[in-house]
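**Student:** Structure for the following, please:
(chains A and B)
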Protein chains: 2
Amino acid sequence: MSALFEEIKPYMDKGMAAKAALTLLEWDQETLAPPMADEWTAKVVGGLSNIYLESLVNDDVKKKLEKLQNEREFSQLSVIEQAIVKEWENVIQQLDPIPQKEYQAYTELVARAGNIWAKAKEKNDFRVFCPYLKEIVEYKRKFAMYRKKARKDRKIELYDILLEDYEPGFTIEKLDSFFEEIKKELVPFIQKVVKKGSKKNYRLPRAKYNIEKQQEFCKWLAGYVGFDFSKGVLGESEHPFSTNLHNHDVRISDHYYEENLESAIFSIIHETGHALYEFGIDSEITMTLVGFGTSMGMHESQSRFYENIIGRSESFWKPIYIKLQETFPEQLQNVPIEDFIQAINRVEPGMIRTEADELTYSLHVLVRYEAEKMLLSKEIEVEDLPGVWNEKYEEYLGVSPDSDKNGVLQDVHWSCGDFGYFPSYALGTAVSAQIYKNMQEVMPVEEYLENGNLLPIRDYLKEHIYQYGKRKNTNEILEEMTGEEFNASYYIQYLKEKYSKLYDINGE
Amino acid sequence: MSALFEEIKPYMDKGMAAKAALTLLEWDQETLAPPMADEWTAKVVGGLSNIYLESLVNDDVKKKLEKLQNEREFSQLSVIEQAIVKEWENVIQQLDPIPQKEYQAYTELVARAGNIWAKAKEKNDFRVFCPYLKEIVEYKRKFAMYRKKARKDRKIELYDILLEDYEPGFTIEKLDSFFEEIKKELVPFIQKVVKKGSKKNYRLPRAKYNIEKQQEFCKWLAGYVGFDFSKGVLGESEHPFSTNLHNHDVRISDHYYEENLESAIFSIIHETGHALYEFGIDSEITMTLVGFGTSMGMHESQSRFYENIIGRSESFWKPIYIKLQETFPEQLQNVPIEDFIQAINRVEPGMIRTEADELTYSLHVLVRYEAEKMLLSKEIEVEDLPGVWNEKYEEYLGVSPDSDKNGVLQDVHWSCGDFGYFPSYALGTAVSAQIYKNMQEVMPVEEYLENGNLLPIRDYLKEHIYQYGKRKNTNEILEEMTGEEFNASYYIQYLKEKYSKLYDINGE
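**Tutor:** Okay, the predicted model is just below:
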């Protein structure tokens, strides 16, 4: 036991308590809080954010962390303590170089920008949002610059620094080659699928699906996939999301539309995937700095693994489709499972990322990745975004956004200052295919699914991914689990195989 | 604007943010959190409690507060700042004299004692709880002793110090004379009522009252009484309670029993009374140290004013009883409003405080007040409690508790270390009668009620009580509002008049 570590641990405990409280406040605001509370609760959030920052980043901590990192001290730490010290150092690298006043001003700007973005989207007018976005991008550039100055590898690109916050280890270089492969392989393949599409694009019957029955089915489905209600809560919110206070309090929410059954079902599977990750974090590290999913991409790999690879497969639905039919007999009794599977896997290139099918999804991300990169490197200015956006949609997806609302204004992320976040969505999706490939080699996945036994799948993921939290990064996990680092080819291969079969495409 | 005050304000803001988060955590634990989260969430609560303490009580704050209290500095403060400084000084007086390690040990003891109490109650065995309660009482005595040493009036009784935490300004001396009057006047009066009781103790029909309909009616009723759903939330929990993050986020919960309609109805009115107080706190002081109800007693005066004085009156039900009948036509269509009023005001001395009627309620409190006082002064020991308890119930209420479960173990308070809290229940009830008397003099209360117009009542209470938060104490409020300090005679008079009429008792 290191005395020095014992001295800084209370700072972490305080920071983690503040973080858990912030999580609960966010959950509450999305699911329950009264409409007029926002302005006042913002002060609570502001206060707790300051407490979080001050607890984790202060002179005493910095001094002691530096000491802890010298070889002799470091070797006396347990492996978990070592991981915490490293992660703490990351947090400090991320936050410390930025002058507090500027950070405060940025935080306030972002808080205002959220509403402006919503208004601009409602009015379908990018110009309303443009000046705010310019300011945000300016801050992101400036902050990345500060961070660049504070580190040794001064040749790093600004956008690389932002990427680190979401997906440590994945640089522009790696992402460029990943997206290059997607472009080369998927764009022409999708064109083939679209040509075949018309007869295959079967939809579920247009009908009303009673909301209470949806809620009941989705709750059951979450439990079926593995959501543990003794340690978790299912709520309802405008946009489905997942969050957690610690590994014994994991929360997901869903949203129900009377005329859209698929939305609630696949959202609940998606969020349950996120939840399983957080349930699976080891109790020894929950509520420490390494007690969270290791990255946005790895988290997304789990939600999308369950939503798409598992959740849209025939094996998954074989034992339970009858239950869905019994829940909605009028609507589904004449829909055989084959048609249902075809319907939930139909391919339709569209304008909206969140409504995209599994096959075209990563191209939506590609558009954003390229736009972000160009913005950060000043290749384009914020004013150029709508034009660049629309061109790229035309090029990669063959669709022209009919408005800013359905185009460059569709996502909330940039208004929150989240640049470098989007690539994780595609990356995570690709990671899930690599994991699936590995899983198929070590266990009879389809057989388990057909028997309604999802436990071995869950246990395997917990053993190889979840339990470690941030103690291992994405590539370390993949290397140990699958024998190699991230490799996008499994993703391309998975998509081509699946959709060639669904759309009768030969000779790929 | 005082520079010195500006320097300590951030400490308060941090403390208030932690407090609001603690409030939300408590609400969440009672209404939503998953069953297995407790142990982990306790760490979050522990961390935030430490943050709260460290923010409000530290050397920098103490030094600056001392300076602020010298006359010249103090006179430069706004009235609100002055009130904050005074209240802050109270908080420090309360917490600072207690050694942190002992406080920590006490907090942990109390956390464990809650479960032990619950187990003891379940097993109906005081001996299980006794050693824990002894320890708690020992800590309470010791802490009061520390506080006594730290102040100038060293002759003060230990129990007086505890009373201050809940009801500043109300000492043993004042409470003794208050309870003496209750004993002298109410005990014999209740005996008369009980004699008359048999024919008058009309009950609502034994029937099942659909829970969803109860929920719907209670939600409507909360709004009717004045609950503002744009700034508030109504939830459900094992025990009804109210809480608030700030004056724009006030929350109440209710509990519904299929075979007991009265429980949910009067709980919701009671909690709405608490909520109106917190809604009414001025926005200038919410989320400051004075931005809360001024005392437990004053808070209880509001909940019980609405629950009993207003909520059990015929004038209140005249315009809305029809709605209750329409909600439960089978059960209530043959119950005329007169019978309903008689039923909700029936008098039945019993063993359980929380089920007590309005007339006998304060005698339950009297038992606890006398027992607490004797404990703190070492006149009795914890082991003597069950015997003392049962004797006093026999003496004041004429009933003998049939078990510890229904006797000395019934309330949670002592297991939480809440000694000195009980008197506030009776005091608040008596305060509500004094306020009612005053209100009747300045406005046609009954007419408003009969017209379903509760706004003038609410506005009057907001103007004279709510808006000030802790800026004025109970006696200051009563003095300014009614022209005199607390006076128990209005309470006695109110009860005698009301129940003489209901039970046909003449010549009082």
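**Student:** so which residue of the stretch 51-200 of chain A comes closest to chain B?
**Tutor:** Residue nearest to chain B within the stretch 51-200 of chain A: A:I51 (5.9 Å; Cβ to the nearest Cβ). (Each C-beta comes from the backbone N, C-alpha and C, glycine too.)
**Student:** Do I have it right that that residue meets B:G15?
**Tutor:** No. Contact between A:I51 and B:G15 fails when scored by Cβ atoms under 8 Å: they sit 10.0 Å apart.
**Student:** which residues do these two both contact?
**Tutor:** Residues touching both A:I51 and B:G15 comprise B:I51, with contact defined as Cβ atoms under 8 Å, 6 or more residues apart in numbering or on different chains.
**Student:** I'd assumed the residue of the stretch 51-200 of chain A closest to chain B was in a helix, is it?
**Tutor:** Yes. When DSSP: H, G, I helix; E, B strand; the rest coil is applied, A:I51 is found to be in a helix.
**Student:** Before we move on, what's the pLDDT of it?
**Tutor:** The per-residue pLDDT reported for A:I51 equals 94.
**Student:** Same check on A:E508?
**Tutor:** Here, the pLDDT recorded for A:E508 equals 47.
**Student:** again with A:G407
**Tutor:** 97.
**Student:** Which residues are in contact with A:K183?
**Tutor:** A:K183 neighbours (Cβ under 8 Å, 6+ apart): A:L366, A:Y396.
**Student:** who in the stretch 201-350 of chain A is up against chain B?
**Tutor:** Contacts of the stretch 201-350 of chain A with chain B, taken as Cβ under 8 Å from any Cβ of the partner chain, map to A:F229, A:S230, A:K231, A:G232, A:V233, A:L245, A:H246, A:N247, A:H248, A:D249, A:T286, A:M287.
**Student:** quick one: low-confidence ranges for chain A?
**Tutor:** Flagging of chain A using pLDDT under 70 yields the residue ranges A:1, A:507-508.
**Student:** Just say helix, strand or coil for the residue nearest the centre of chain A.
**Tutor:** Centroid check for chain A by Cα atoms, centre = their mean gives A:E300 as the closest residue, at 4.1 Å. Per three-state DSSP, the secondary structure class of A:E300 is helix.
**Student:** Show me what whichever residue of the stretch 151-300 of chain A sits closest to chain B is bridged to.
**Tutor:** In the stretch 151-300 of chain A, the residue that lies nearest chain B is A:D249 (3.9 Å; Cβ to the nearest Cβ). Beta bridges link A:D249 to A:H246 when assigned by DSSP bridges.
**Student:** Which residues lie in contact with it in this structure?
**Tutor:** Contacts of A:D249 by Cβ under 8 Å, 6+ apart are A:K231, A:G232, A:V233, B:A33, B:P34, B:A37, B:W40, B:T41.
**Student:** Kindly tell me how buried the fifth one is, as a neighbour count.
**Tutor:** By other Cβ atoms under 10 Å in any protein chain shown, 20 other residues sit near B:P34.
**Student:** likewise the third one?
**Tutor:** Around A:V233 sit 21 other residues, with neighbours defined as other Cβ under 10 Å.
**Student:** ok, residues contacting the helix or strand encompassing it?
**Tutor:** Taking DSSP states H and E as the criterion, A:V233 maps to strand A:232-236. Outside strand A:232-236, the residues within contact range by Cβ under 8 Å, 6+ apart are A:27, A:30-32, A:215, A:218-219, A:222, A:227, A:249-256, A:268, A:275, A:279, B:32-34.
**Student:** So which of those are in helices?
**Tutor:** Among the contacts of strand A:232-236, the members falling in helices (DSSP state H) are A:W27, A:E30, A:T31, A:Q215, A:C218, A:K219, A:A222, A:I268, A:A275, A:F279.
**Student:** Which of the residues you listed are buried, as a PyMOL select command?
**Tutor:** The following PyMOL line selects those of those that are buried, judged by 16 or more other Cβ atoms under 10 Å in any protein chain shown:
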select buried, chain A and resi 27+30+31+215+218+222+268+275+279
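**Student:** how far out from the middle of the chain is stretch A:178-191?
**Tutor:** Distance of stretch A:178-191 from the chain centroid (Cα atoms, centre = their mean, to the nearest Å) equals 22 Å.
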